[in-house]
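Undergrad: Quick one, what's the 3D model for this:
(one chain, ligands or ions: 1)
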Amino acid sequence: MKVGDRHYRTIWMEGTVVYMIDQNLLPFEFKVQAFKQREATCEAIRKMTVRGAGAIGAAAGFAMAQGFISNEDPDIARERIRATRPTARDLFYAVDRVYEAGKISVQAAIEEAQNLANANVEAAKKIGFFGDALIKDGARILTHCNAGWLGFVDYGSALSPVYTAHRNGKQIHVYADETRPRSQGARLTAWELANEGVDHTIVPDNAGAFLMSEGMIDLVITGADRIAANGDVANKIGTYEKAILAEYFGIPFFVAAPLSTFDHNTPDGSAIEIEHRSQDEVHYQTGPDGDGKMHTIRVTNPGSEAFNPAFDITPAALITGFITEKGVTN
Ligand SMILES: CSC[C@H]1O[C@H](OP(=O)(O)O)[C@H](O)[C@@H]1O
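TA: Below is the predicted model:
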């Protein structure tokens, strides 16, 4: 997508170096970081320099290619990559595809990683094309977390239909859940939408019932990190309660994801591993002061414990349909 007048992908590989937009600095600073070794790319996934199912899938593929380039033991390299974040299926899909390609040659591994990144872009673009049909002129859409182009290599999943509808001239308004504790909605989704000129409002995570009860939401679209064989969806913590609210208020709830996110080997949501992250992500927030100097401050009671599951499971019964690169399923 465009940043100013220049097109960027979220993540790309040139030669043996992986480049990515540093999502921990957005929206206050736009900076591209370079990662020359597999372990550095793995650390970027762990620290969420790059995050989002599609983007960490590409990062995992590039990291596996870097492992082959450095002549690392491929089994050790693959395990180190698989251990970075447990929930998003695209990470495992990509690392396994590049691992198999690497058995042929290093060049084959690099080409497979690039092919996966390009396929992610194409799938996300098609999700936009098919999802656009769900968005009426004047629609007010609630999103959760960031499933935009920053969560993919480009275009995004939940936000791709929004961008397509906007570019097709539809008047839409997006309500972006702030999505505590990492605030992907308040920081990343809001930055993306402003960049694309899409009308939007950041809302507290606990405002969903109020918005829906006031008739302010016509449609909910989220992304997904892993979709089980029965249609249960693992996505950012808080998705489940939005789906319950949408059901209660009779509002369509769609999940946008490429086929690479569907995990037919996982029977249902109970078998999906939920990542638990540091409680410090709840205790602390980072942002600029009036002079633009970044500070990290504590925002919770000193000494209290915090619980920080990164994802939850939305039962298939609460999902109106899926938007994939093959179309919309109801
Ligand atoms: C297309 S992004 C999908 C998914 O990834 C996000 O999680 P995280 O920011 O922790 O990587 C969130 O669950 C998005 O919906």
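
Undergrad: The ligand contacts on the chain?
TA: Residues of the chain lying near the ligand by C-beta under 6 Å from any ligand atom: 51-54, 145, 147, 151-152, 157, 184, 222-223, 225, 235-236, 310. Yep, even glycine has a C-beta here, placed from its N, CA and C like the rest.

Undergrad: ok, those vs residue 2, which is closest?
TA: residue 152 (15.2 Å; C-beta to C-beta).

Undergrad: Could you pick out the longest helix of the chain?
TA: Counting by DSSP state H, the longest helix found in the chain is helix 106-131.

Undergrad: average pLDDT across the very next helix or strand once past it?
TA: Using DSSP states H and E, the helix or strand that directly follows helix 106-131 along the chain is strand 140-143. Strand 140-143 shows an average pLDDT of 98 in the prediction.

Undergrad: which residues touch strand 140-143?
TA: Contact with strand 140-143 is made by 135, 158-159, 162, 172-177, 185, 189, 203, 208, 211-212, 216-222, 242, as judged by C-beta atoms under 8 Å, 6 or more residues apart in numbering.

Undergrad: and the angle from the helix or strand that it is followed by to helix 106-131?
TA: Sequence order places helix 160-167 as the next helix or strand after strand 140-143, per DSSP H and E. Relative orientation of helix 160-167 versus helix 106-131 (axes from the mean of the first three to the mean of the last three C-alpha atoms, to 10 degrees): 60 degrees.

Undergrad: What score does whatever residue of the stretch 51-200 of the chain ends up closest to the ligand have for pLDDT?
TA: Closest to the ligand within the stretch 51-200 of the chain is residue 151: 2.8 Å, counting by C-beta to the nearest ligand atom. According to the prediction, residue 151 has pLDDT 98.

Undergrad: circling back: which members of the residues of the chain next to the ligand are the farthest-apart pair?
TA: Largest pairwise distance in those, by C-beta to C-beta, is 18.0 Å, between 152 and 310.

Undergrad: In terms of neighbours, single out the busier of these two.
TA: Comparing residue 152 with residue 310 by other C-beta atoms under 10 Å, the one with more neighbours is residue 152, at 33 against 23.

Undergrad: Now for the residue lying closest to the more buried one once chain neighbours are set aside, how many residues are close by?
TA: Distances taken as C-beta to C-beta, 6 or more residues apart in numbering place residue 54 nearest to residue 152, at 3.4 Å, with adjacent residues excluded. The local packing of residue 54 (other C-beta under 10 Å) involves 35 other residues.

Undergrad: Ok, residue 9 next?
TA: Residue 9, neighbours per other C-beta under 10 Å, totals 20.

Undergrad: which residues sit in contact with the residue most central in space within the chain?
TA: Central residue of the chain (C-alpha atoms, centre = their mean): residue 52, 2.5 Å from the mean position. Going by C-beta under 8 Å, 6+ apart, residue 52 touches 10, 146-147, 150-152, 223.

Undergrad: Just give me the closest of these to residue 25.
TA: Taking those together and measuring to residue 25 by C-beta to C-beta, the closest member is residue 150, at 11.9 Å.

Undergrad: Just the buried residues out of the contacts of strand 140-143, in ChimeraX syntax.
TA: In ChimeraX, a selection of the buried entries from these looks like this (16 or more other C-beta atoms under 10 Å):
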select :135,158,159,162,172,173,174,175,176,177,185,189,203,208,211,212,217,218,219,220,221,222,242
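
Undergrad: Just the contacts of strand 140-143: which are in strands?
TA: Among those, the residues falling in strands (DSSP state E) are 173-177, 203, 219-222.

Undergrad: Adding pLDDT, write those out as JSON lines.
TA: As requested, the ones in strands among the contacts of strand 140-143 are exported to JSON lines (pLDDT from 0 to 100):
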{"residue": "173", "pLDDT": "98"}
{"residue": "174", "pLDDT": "98"}
{"residue": "175", "pLDDT": "98"}
{"residue": "176", "pLDDT": "98"}
{"residue": "177", "pLDDT": "98"}
{"residue": "203", "pLDDT": "98"}
{"residue": "219", "pLDDT": "98"}
{"residue": "220", "pLDDT": "98"}
{"residue": "221", "pLDDT": "98"}
{"residue": "222", "pLDDT": "98"}
